[in-house]
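Peer 1: No sequence on hand, only this structure:
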């Protein structure tokens, strides 16, 4: 028995219980072997993409008609491109040796999926969960956006064989599609990423060292091979504080530029001048101060807080570089900045991380965690019986937990009435849209009420009943906005009047008693608005066109024309 395989198998026991209700209600899946296979998909998505349980579950598409895709995640558009991450997972239940290749037939199905899913004109028979995501992607392709596909083939065994690789090679998609193998070793390495890293870093040439304000700084340069080997030894454990997930080589212009320089033997010597360098923090570093240069630096609790993209790209390119093409690698250097910071200065580390990563768009959710508004909301929300998780932590969320990500989406949709930006601009919720969402007047009561309405819409989207309208997979933020309009109407609150703790209990009781009525009437209003927008029955529109409609704001104007007085909730 492979120990790592056994550890993952044991971990699945808890994940099975996590997905059991969802699997039975949505996928009609109740037998234990299939539940365990689904739990493995859930674990892979949650671990690799860094999602919480609920977010990962929303990506699951496994079941009949899944077209060989067990999970499907679509990223936001950046510079006219977006990343689609697909998972196919094969779990061996009885044999825990971890020695079986990824199934060749599975690879063939994955290749076939890529061949047809991203062709807007191809007809595909698939289950509703994957079909709604597929048509959303296709509508973006029709609008001129370019998909970059990342297909992760996951198992509790080893890499696919040469015959399976031939299926991938025959696809001929070039760099637009990347193929990655994930197994028990990969998952365990990510899960264990919290262990501190201590190692020795060899610098080349002279270095500058300065002590000030109870901190120390060392600035020097290291061979790119040295950095690649450091990451090879420790993996994602080095990137625990780095706020960017690795974007990969495919579709990322910066990383492609790094690779192009490394692959050009004549340009390698200029890498130091082309790259912004790597910023590291540590608890302590030591070196021989009597030595003039080429220091070997012993480092405790090492973390890369800026330059994770560079490090991962260096590792990937150099790992695949043939021995015959390694000329001049001994002249390829990268700038290194090493900061020894006091253990109590966690906010300083955050500020450095923010500053060194602000040259490019990043996920700023964690960096906003200590913002005064977030701290105030935490206190305000606790007083009305809920727990505001302003910092991301491990573990599943409870009904009384409210995360910052869900808050941003709910408030922007319900309170700010920008449902299209709530759904499709999540990258900017803690960037350009932060002050719009989290202004000084936002109350804890408004956060909780907006989130409760948003949850109803999202739960109905994730668990659609038979005969649900075809637009539901794309409309949850619009539905939540409209539900908010009805709630305010019931409370006799004007659109610009803040909802405070004084109205909270009444508003919560209305949601509990009339939430379904709000939802049903809101969907009817959206159906009416769609018909008005297109001048004919919305059912005649393709899923691609419906998906595109909910990325725009003109539907809001049609909804605003409808009178709220038509709703008469049941008592």
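Peer 2: Received it, and whenever you're ready, just let me know what you need. Every value quoted in this text rests on a predicted model; they were computed, and no experiment measured them.
Peer 1: only C-alpha atoms for contact and neighbour calcs from this point on.
Peer 2: Noted.
Peer 1: any idea which helix or strand comes after the least confident helix or strand in the chain by mean pLDDT?
Peer 2: Lowest on mean pLDDT, DSSP states H and E among the helices and strands of the chain sits helix 346-357, with a mean of 56. Sequence-wise, the next helix or strand downstream of helix 346-357 (DSSP states H and E) is helix 372-382.
Peer 1: Check which residues of that following helix are buried.
Peer 2: Buried residues in helix 372-382, counting neighbours by 16 or more other Cα atoms under 10 Å, are found at 373-374, 377-378, 380-381.
Peer 1: Would you format these as a markdown table with distance to residue 184 included?
Peer 2: Output for the buried residues of helix 372-382, formatted as a markdown table (distance: Cα to Cα, whole Å):
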| residue | distance to residue 184 |
| --- | --- |
| 373 | 41 |
| 374 | 37 |
| 377 | 39 |
| 378 | 37 |
| 380 | 42 |
| 381 | 39 |
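Peer 1: between those, which is nearest residue 220?
Peer 2: Closest to residue 220 out of the buried residues of helix 372-382 is residue 374 (37.8 Å), distances taken as Cα to Cα.
Peer 1: So the closest one versus residue 404, what's the distance?
Peer 2: 9 Å (Cα to Cα, to the nearest Å).
Peer 1: Please enumerate the shared neighbours of those two.
Peer 2: residue 390 (Cα atoms under 8 Å, 6 or more residues apart in numbering).
Peer 1: dump the residue contacts of residue 459.
Peer 2: Counted by Cα under 8 Å, 6+ apart, residue 459 has zero contacts.
Peer 1: tell me the pLDDT at it?
Peer 2: Listed pLDDT for residue 459 reads 93.
Peer 1: in what helix or strand does it lie?
Peer 2: Assigned by DSSP H and E, residue 459 falls in helix 444-462.
Peer 1: and that helix, which residues are buried?
Peer 2: 444-458, 460-462.
Peer 1: can you check stretch 55-65 too?
Peer 2: 56-63, 65.
Peer 1: Likewise for stretch 102-111?
Peer 2: 102-104, 106-111.
Peer 1: Stretch 94-102 too?
Peer 2: Result for stretch 94-102 [16+ other Cα under 10 Å]: buried residues 96, 98, 100, 102.
Peer 1: farthest-separated two in the residues you listed?
Peer 2: 96 and 102 (14.0 Å).
Peer 1: ok now the helix or strand hosting residue 89, how far from the chain's centre?
Peer 2: Secondary-structure element containing residue 89, defined by DSSP H and E: strand 81-90. Mean-position distance between strand 81-90 and its chain equals 12 Å (Cα atoms, centre = their mean, to the nearest Å).
Peer 1: Which neighbouring elements make contact with the next helix or strand after it?
Peer 2: Heading C-terminal from strand 81-90, the first helix or strand you meet, by DSSP H and E, is helix 104-117. For helix 104-117, the packing partners by 3 or more Cα pairs under 8 Å, 6 or more residues apart in numbering; DSSP states H and E come out as helix 162-171.
Peer 1: Next, the angle helix 104-117 makes with the helix it packs on.
Peer 2: 10 degrees (axes from the mean of the first three to the mean of the last three Cα atoms, to 10 degrees).
Peer 1: how about helix 162-171: buried residues?
Peer 2: 164, 167-168.
Peer 1: Quick one: mean pLDDT for it?
Peer 2: pLDDT averaged over helix 162-171 gives 92.
Peer 1: please renumber so the chain begins at 29
Peer 2: Taking 29 as the first residue, the last one we looked at is helix 190-199.
Peer 1: quick one: that helix to chain centroid distance?
Peer 2: The answer for helix 190-199 is 29 Å, by Cα atoms, centre = their mean.
Peer 1: Which is the succeeding secondary structure element to that helix?
Peer 2: strand 205-210.
Peer 1: other SSEs contacting whatever helix or strand comes next after that following strand?
Peer 2: Per DSSP H and E, strand 205-210 leads on to helix 212-219 as the next helix or strand towards the C-terminus. Applying 3+ Cα pairs under 8 Å, 6+ apart, one finds that helix 212-219 contacts helix 31-54, helix 60-76.
Peer 1: can you give me the strands in the stretch 279-428 of the chain?
Peer 2: Ranges of strands in the stretch 279-428 of the chain, per DSSP state E, counting those that start in this stretch, are 306-310, 312-314, 324-328, 331-334, 361-368, 415-417.
Peer 1: Give me whichever of those strands is most buried.
Peer 2: strand 331-334 (a mean of 25; mean count of other Cα atoms under 10 Å).
Peer 1: now for that strand, which elements pack on it?
Peer 2: Counting by 3+ Cα pairs under 8 Å, 6+ apart, strand 331-334 packs on strand 306-310, helix 374-385.
Peer 1: how distant is that strand from the center of its chain?
Peer 2: For strand 331-334, the distance to the chain centre is 19 Å (Cα atoms, centre = their mean).
Peer 1: Is residue 228 located within a strand, as I assumed?
Peer 2: Yes - under DSSP: H, G, I helix; E, B strand; the rest coil, residue 228 falls within a strand.
Peer 1: list the contacts for the nearest residue to it once chain neighbours are set aside?
Peer 2: Among residues not flanking residue 228 along the chain, residue 326 sits closest, at 4.4 Å (Cα to Cα, 6 or more residues apart in numbering). By Cα under 8 Å, 6+ apart, the residues touching residue 326 are 226-229, 313-315.
Peer 1: pLDDT and distance to residue 257 for those residues - can I get that in TSV?
Peer 2: Shown next, in TSV, are the contacts of residue 326 (pLDDT from 0 to 100; distance: Cα to Cα, whole Å):
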residue	pLDDT	distance to residue 257
226	90	14
227	93	11
228	95	11
229	95	10
313	94	19
314	94	20
315	94	20
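Peer 1: Specify which member of those is nearest to residue 288.
Peer 2: For these, the nearest to residue 288 is residue 229 (25.4 Å; Cα to Cα).
Peer 1: How many residues are close by that closest one?
Peer 2: Residue 229: 18 surrounding residues under other Cα atoms under 10 Å.
Peer 1: what do you get for residue 143?
Peer 2: Count around residue 143 with other Cα under 10 Å applied: 14.
Peer 1: what sits against it?
Peer 2: Counted by Cα under 8 Å, 6+ apart, residue 143 has contacts residue 199.
Peer 1: Helix or strand next in line after the one helix or strand residue 540 maps to, which one?
Peer 2: Assessed by DSSP H and E, residue 540 sits inside helix 529-562. Counting by DSSP H and E, the next helix or strand C-terminal to helix 529-562 is helix 571-577.
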